[in-house]
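Asks: Below is the sequence, then the predicted model.
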Amino acid sequence: MTAAERYLLLALRLGRHVDGLVDSYYGPAELQQQVEAEGTIDAAQLAADGDALLAELSDGWLYDQVKGCATYAHVLAGDDISYVDEVEGCYGVRPELVDTSVYEAVHAKLDELLPGDGSLFERRQGWRKQHLVDGALAVPVLNDLLPILREAARGFVELPEGEALTLDPVTGEPWWAFNYYQGDLRSRVVMNIDVPTTGLDLIHLAAHEVYPGHHTEHAVKEQLLARDQGAIEESLQFVPTPQAVVSEGIAETGEDLLDDETRAAAYDVLRKHGIAVSPELGERISKTLEPLRSVGLDAALMIHQHGASHEEAQAYIERWNLVPPDQAKHSVSFATDPTWRAYVVTYSAGRDLCRAYVDGDPARFTKLLTEHVRIGDLLAAAS
């Protein structure tokens, strides 16, 4: 059995322990059938299997993936692993609390940008309320945005013939939106309409989840790597691995490369649906808010590494993210979900690392979409 097949088996076996760990699988059916037939294997045995496979692998992309699997197996087995070691072992980046002076600086800039009277929180929420989209309208708006962004994505990479997706609204999930890649060049993208969303958020969501983000990456790599090169290790997206950091980084970075014509066409879609649009100020506010993306990771570190209560973490999110209690509570639920508790690092780390790697060069972004770029490559570019 090849190392790639052993990796797939290890991840699929781990996926039987925690729902959602296997984000996507379209690899050899016989491997999945084997895992389903054998039942759930003890986590300690899977940890040993992961360690044994690691010892046989040379340094490379697959080694990084297996290390993530092995680390998660040790966590499942109840081994004494700190939260920061868990995150680093799974994702290849070590999380640190952000100094709140960073957030204070963001608040100072927002104080200058946000119109209206009242506290910064009131003005922040007032601005969002002015631009909120009714949940029933979100999917129709996204359907109109996607052809525009698809054309933009073709400027970075050749999309495989037959790639396609469906869009569905959902409720009651710990996340805002999700791409369920189904293989055969197809995705099912779902949006949690419980989460308050603005028009600018919808443009970001479409770019993040579909073009040139998750769907684009998965479809292109399925064609180029899995089909054309026989790299069956690409046929699995497993949550606690470095692959997730790169994938989230791609999804967060692609929007940066959209040209003015694409942005203008996207804003026209919002206007057509009667959604309030403030392009120049809205983009300045969105860019200013970006450093607050790490507040959720801070909350996870507070809970899992430093022993803070959920209430303390929620209060921290409310204060620095300038959000109401229900949104902060939703963020805490994500940071404490068994599947996602360590995943929170992928958004801010992925964005920062991929942004530094691309550095405004579309060719570098194309490389991220078409090749197995390692976390070490991203860290080297950011140093």
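Replies: Sure thing, it's come through. All values derive from a computational prediction rather than experimental measurement.

Asks: Now do the strands in the stretch 1-150 of the chain.
Replies: Secondary structure of the stretch 1-150 of the chain (DSSP state E, counting those that start in this stretch): strands located at 22-25.

Asks: And the helices in it, which stretches?
Replies: 3-15, 29-38, 43-56, 61-76, 83-91, 100-113, 120-131, 135-153 (DSSP state H, counting those that start in this stretch).

Asks: Which SSE is immediately downstream of the last one?
Replies: Scanning forward in sequence from helix 135-153 by DSSP states H and E, the next helix or strand is strand 164-170.

Asks: Could you give the separation of the next helix or strand after that following strand from the chain centroid?
Replies: Note on strand 164-170: by DSSP H and E, the next helix or strand toward the C-terminus is strand 177-183. Chain-centre distance of strand 177-183: 11 Å, with CA atoms, centre = their mean, to the nearest Å.

Asks: residues contacting the residue positioned nearest the centre of the chain?
Replies: In the chain, the residue lying closest to the centroid (CA atoms, centre = their mean) is residue 248, at 3.8 Å. By CB atoms under 8 Å, 6 or more residues apart in numbering, the contact list for residue 248 reads 346, 347, 350, 351. In short, each C-beta sits where N, CA and C put it, glycine included.

Asks: Give the full set of residues in contact with the residue lying closest to it once chain neighbours are set aside.
Replies: Take residue 248 and drop its neighbours on the chain: the residue closest to it by CB to CB, 6 or more residues apart in numbering is residue 350, 3.7 Å away. By CB under 8 Å, 6+ apart, the contact set of residue 350 is 244, 245, 246, 247, 248, 249, 250, 251, 252.

Asks: secondary structure element for the residue lying closest to residue 100 once chain neighbours are set aside?
Replies: Distances taken as CB to CB, 6+ apart place residue 320 nearest to residue 100, at 7.0 Å, with adjacent residues excluded. Assessed by DSSP H and E, residue 320 sits inside helix 310-321.

Asks: Following that helix in sequence, what is the next regular element?
Replies: helix 325-336.

Asks: List the buried residues of that following helix.
Replies: By neighbour count on 16 or more other CB atoms under 10 Å, the buried set for helix 325-336 is 327, 328, 329, 330, 331, 332, 334, 335, 336.

Asks: What distance do you get for residue 240 to residue 60?
Replies: 19 Å (CB to CB, to the nearest Å).

Asks: between the two, which one's more packed in?
Replies: Neighbour tally, residue 240 and residue 60, criterion other CB atoms under 10 Å: the higher count belongs to residue 240, 28 against 11.
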